[in-house]
Every structure is written in C-alpha cells, then in structure tokens.
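Enquirer: pasting the structure only:
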C-alpha cells in the first residue's frame with residue numbers, strides 16, 4: 001500500500017514538472033512563430049513595395065517546406081497518427097524533435113491556413129517518451145504519460161484546460177495501467193502545470209494564443225430559438241463541405257504524390273494567390289479574429305461567405321499538399337465568418353448566430369461535441385452555452401456521407 005502511494009505521489013510530481021516543461025516549450029514555439037510572422041508579414045512588407053509579395057513569399061515557403069520534407073520526412077505528423085501509434089504500443093522517437101520543430105514552424109510562418117497543435121503535440125509526445133525513459137517507467141505508463149502530455153499541450157494552445165482534458169478523454173478508449181481516478185487526476189495536474197507555466201511566461205513576454213473573445217449576446221428571444229436548429233444544420237452542412245474539399249484535393253494531388261517539393265510549391269502558389277484576393281484565408285485565423293469581430297459589418301455578406309468557404313478549401317490544400325499542421329483554428333474562423341454573414345441577413349443576435357454555426361461546423365469536423373463546447377466557451381459568453389450545445393450536438397450527430405472524402409481522424 002505504501003509503495004503504491006509512493007509511486008502515485010512520484011508520478012504526480014513528475015507529471016506536474018512535465019506539464020511545466022510542456023507549457024514552457026509551447027510558449028517558446030509560439031513566441032518564435034510570432035517573431036517569424038511579424039518579420040515576414042509586417043517588417044519586410046513595410047520596406048518592400050511589391051504587389052505580388054504574398055504570392056512570392058508563399059511560393060518560397062512552399063519550396064522550403066518541400067525541401068525539409070524531402071530531406072527529413074513528412075513532419076509534423078497529424079494528431080490522429082500520433083494517437084494511433086501511442087495506442088498500438090509503438091515507441092515515439094525523440095531524437096528528431098528539432099526537425100519536427102522546424103517542420104511545424106515553417107508552414108505557419110509562411111502564412112499557411114493551419115493551426116500549431118499538430119506540430120507542438122508531436123514535439124511534446126517525443127519529449128514525454130524521453131522523459132519517461134529517464135524515469136524508467138514501464139511501456140504502458142509511457143503511453144499514458146504521452147497522452148497526458150498531449151492533453152496538456154492542447155489545453156495550453158487553445159487557452160482552455162478543460163478542452164485539453166475532454167478532447168483527450170473522448171479519444172481514450174484503451175485499457176489503462178493506471179487506475180482511472182488517478183489518471184484523471186494526472187490529466188488535470190499535467191494540464192494545470194502546463195497552463196500555469198505558459199501563463200507565467202506570457203505575462204513576462206507575450207507569446208500569443210487563443211482566438212479572442214466575442215461580446216455578450218444582447219438578444220435571446222423567440223426569433224433566436226426558432227432559428228437555432230436551421231443555423232446548426234447550416235453549420236453542419238459546411239462541415240460536410242470541408243470533407244468534400246478534402247476528398248477533391250486528395251484526388252487532385254495524386255499526380256504529384258511523389259513530387260514533394262513541387263507539390264508544396266504549388267500549395268504555396270495557391271495559398272498566396274488566394275491570400276491576395278482574400279487576405280483572411282491565410283494563417284490560422286487566430287491573428288485575424290479580432291479584426292473579424294470588430295469589422296464584420298463592413299466586410300459584407302458575400303465576402304464573408306466566400307472567405308469562409310475558401311478558408312475550408314485552402315486548409316485542405318495546405319494539409320494535403322505538404323503544409324502540415326492542425327485544422328481547428330481555421331475551422332473556427334470559417335464558422336465565425338459564416339455566422340456573421342448569416343447575422344447580416346437574418347433578424348437575429350449576431351453572437352448567438354456565430355456561436356451556433358461555429359459550434360455545429362467545428363463539431364461536424366472534430367466529432368467531439370463536449371470538447372467543442374468547452375473550447376468555444378473560452379471565446380463566447382456563458383449565455384451562449386445552450387445555443388452552442390445544440391449546434392455541437394447536431395453537428396456531431398450528422399453522419400459524414402461516403403462521397404465526402406476521408407474524415408480527419410482516419
């Protein structure tokens with residue numbers, strides 16, 4: 001009994017320390033990311049007057065992304081791949097973390113419509129295996145420490161500890177070597193440790209994370225509740241469109257399957273060309289969300305709608321053509337843009353409209369309604385919980401049709 005208690009206490013201390021390390025690494029990579037973006041997209045454009053600057057920079061970025069992949073392999077890997085390997089008992093190598101770090105930063109700095117969660121999770125999981133090796137844990141415990149590390153990383157990136165916890169729990173169907181209650185405690189210890197370290201460093205030097213905050217819902221009346229299901233269905237249909245785009249792009253790039261550099265350069269050209277016409281289609285959406293929240297009325301219905309649809313398309317272009325990363329940030333941005341477009345057309349509170357559509361779209365793609373609600377709660381007011389819950393449940397319940405390409409978690 002004493003040995004078991006001692007082991008649990010040691011694991012709690014180890015996970016707390018590991019969470020702090022995860023928070024620090026996440027802060028460092030986001031800090032470097034923001035430095036790179038500021039240099040390429042603020043500092044240089046002020047000194048270089050060139051109309052086709054986005055096209056040029058994105059093409060160069062594609063060339064570098066392609067070269068890096070050709071030399072070192074397809075990094076960073078998608079979260080679903082990492083999770084599958086962990087659950088299969090394979091050991092994740094940790095001698096290439098610097099390679100993963102560069103591979104994660106390159107597409108993001110050069111304007112890719114991607115989020116940082118995939119790259120960061122790959123680094124953190126490798127770090128967890130290194131950490132566990134040093135403490136001589138058994139392989140089963142290594143797997144679970146890696147899962148805890150992923151939960152902490154996701155919670156820090158999205159500024160939502162509960163999202164990191166629930167997102168991992170909804171995926172966790174494996175038998176556990178650690179008692180369930182102890183494992184739940186370790187999840188929270190790791191997430192809070194990471195979140196605390198990240199916040200501490202961010203207060204010293206801002207690194208940037210999160211998608212901003214929406215204002216309060218001012219009207220919550222009969223009209224809003226009458227439209228909640230139609231809005232959720234619209235968001236869900238847009239989620240289906242995401243998978244259609246995924247299937248189309250996957251089919252279109254088959255001729256370039258083995259031409260890694262050319263494929264990545266073409267993705268850069270498409271990204272830069274679309275970015276010249278629709279600037280909001282570039283980047284993860286995190287940096288543009290405040291502009292969308294403040295200026296959506298001046299953008300107009302057509303431009304908001306086209307931007308959202310183009311965002312879903314260009315995210316798949318990036319993912320399928322070698323610009324690797326996450327898709328959660330771009331999807332949330334696309335849902336917000338569509339929600340605002342509908343709010344202009346309908347006699348409805350705009351924040352209510354955005355909350356429902358974004359929750360439905362995000363849940364249709366992630367297939368994790370509870371995690372989506374907890375994630376969006378960081379952005380939306382508490383009064384949006386029920387509308388978001390309706391949207392998330394409907395979005396997560398609608399099956400993906402066979403013609404709509406592959407799911408993101410396959």
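Expert: Yep, it's here. Remember, it's a predicted structure, so these values are computed and weren't measured experimentally. Numbering: from 1, shown residues only.

Enquirer: which regions of the stretch 301-410 of the chain sit below the pLDDT cut-off?
Expert: 401-410 (pLDDT under 70).

Enquirer: Pick out the residue closest to the middle of the protein.
Expert: For the chain, residue 328 is the residue whose C-alpha lies nearest the centre (CA atoms, centre = their mean; 3.4 Å).

Enquirer: how close does it sit to residue 257?
Expert: Here the criterion is CB to CB, to the nearest Å. By it, residue 328 lies 26 Å from residue 257. C-betas here are computed from N, CA, C, even on glycine.

Enquirer: Kindly report the same for residue 343.
Expert: According to CB to CB, residue 343 stands 42 Å off from residue 257.

Enquirer: just to revisit the earlier point, can you pull up the bridge partners for the closest residue to the residue nearest to the centre of the chain other than its chain neighbours?
Expert: Of all residues not flanking residue 328 in the chain, residue 115 sits nearest, at 5.2 Å (CB to CB, 6 or more residues apart in numbering). For residue 115, the beta-bridge assignment (DSSP bridges) gives partners residue 326.

Enquirer: so how many other residues sit close to residue 115?
Expert: As a burial measure, residue 115 scores 26 neighbours (other CB atoms under 10 Å).

Enquirer: Identify the residues contacting the residue nearest to the centre of the chain.
Expert: The contact partners of residue 328, by CB atoms under 8 Å, 6 or more residues apart in numbering, come to 115, 117, 158, 362, 366, 375.

Enquirer: Got a ChimeraX select line for the buried ones in those residues?
Expert: Only the buried entries of the contacts of residue 328 go into this ChimeraX selection, using 16 or more other CB atoms under 10 Å:
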select :115,117,158,362,366,375
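
Enquirer: Redo the contacts of residue 328 as CSV? Include secondary structure and distance to residue 48.
Expert: Formatted as CSV, the contacts of residue 328 follow (DSSP: H, G, I helix; E, B strand; the rest coil; distance: CB to CB, whole Å):
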residue, secondary structure, distance to residue 48
115, strand, 28
117, helix, 32
158, coil, 34
362, helix, 37
366, helix, 39
375, helix, 38
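
Enquirer: Identify the farthest-apart pair in the contacts of residue 328.
Expert: Using CB to CB, the two most remote members of the contacts of residue 328 are 117 and 362, lying 13.4 Å apart.

Enquirer: Identify, among the helices and strands of this structure, the element with the weakest mean pLDDT.
Expert: Least confident helix or strand of the chain, by mean pLDDT, DSSP states H and E, is helix 161-169 with a mean of 64.

Enquirer: So which bits of the next helix or strand after that one are buried?
Expert: Next helix or strand after helix 161-169 toward the C-terminus (DSSP states H and E): helix 180-204. Within helix 180-204, the residues scored as buried using 16+ other CB under 10 Å are 182-183, 185-198, 201-202.

Enquirer: Can you give the domain ranges for the protein?
Expert: Each domain of the chain is listed here as a residue range: 9-204, 222-404, per automatic domain parsing.

Enquirer: Over to the longest one now: how far is its first residue from its last?
Expert: So the one you mean is domain 9-204. 31 Å (CA to CA, to the nearest Å).

Enquirer: can you check stretch 292-308 too?
Expert: 12 Å.

Enquirer: and residue 44, how many neighbours?
Expert: 13.

Enquirer: check contacts around it.
Expert: residue 53.

Enquirer: What separation do you get for it and residue 60?
Expert: From residue 44 to residue 60 the distance is 12 Å (CB to CB).

Enquirer: now swap in residue 310 and tell me
Expert: Counting by CB to CB, the separation of residue 310 from residue 60 is 22 Å.

Enquirer: Who has more neighbours out of these two?
Expert: Taking neighbours as other CB under 10 Å, residue 310 and residue 60 compare with residue 310 leading, 21 against 15.

Enquirer: so what pLDDT did the residue lying closest to that one once chain neighbours are set aside get?
Expert: Distances taken as CB to CB, 6+ apart put residue 281 closest to residue 310, at 4.8 Å, once the chain neighbours are dropped. As predicted, residue 281 sits at a pLDDT of 93.

Enquirer: Quick check: longest helix in the protein by residues?
Expert: As assigned by DSSP state H, the longest helix anywhere in the chain is helix 2-38.

Enquirer: If you count neighbours, what's buried in that one?
Expert: Neighbour-count burial for helix 2-38 [16+ other CB under 10 Å]: 11, 14-16, 18-27, 29-31, 33-34, 37.

Enquirer: what does stretch 225-235 give?
Expert: For stretch 225-235, the neighbour count (16+ other CB under 10 Å) marks 227-228, 231-235 as buried.

Enquirer: ditto for stretch 269-284
Expert: 270-272, 274-276, 278, 280-284.

Enquirer: Need those in CSV (columns: secondary structure and distance to residue 358).
Expert: Formatted as CSV, these follow (three-state DSSP; distance: CB to CB, whole Å):
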residue, secondary structure, distance to residue 358
270, helix, 25
271, helix, 23
272, helix, 27
274, helix, 22
275, helix, 22
276, helix, 26
278, coil, 19
280, helix, 15
281, helix, 17
282, coil, 20
283, coil, 18
284, coil, 15
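
Enquirer: Closest to residue 80 out of those?
Expert: Nearest to residue 80, judged by CB to CB, of the buried residues of stretch 269-284 is residue 284 at 18.8 Å.
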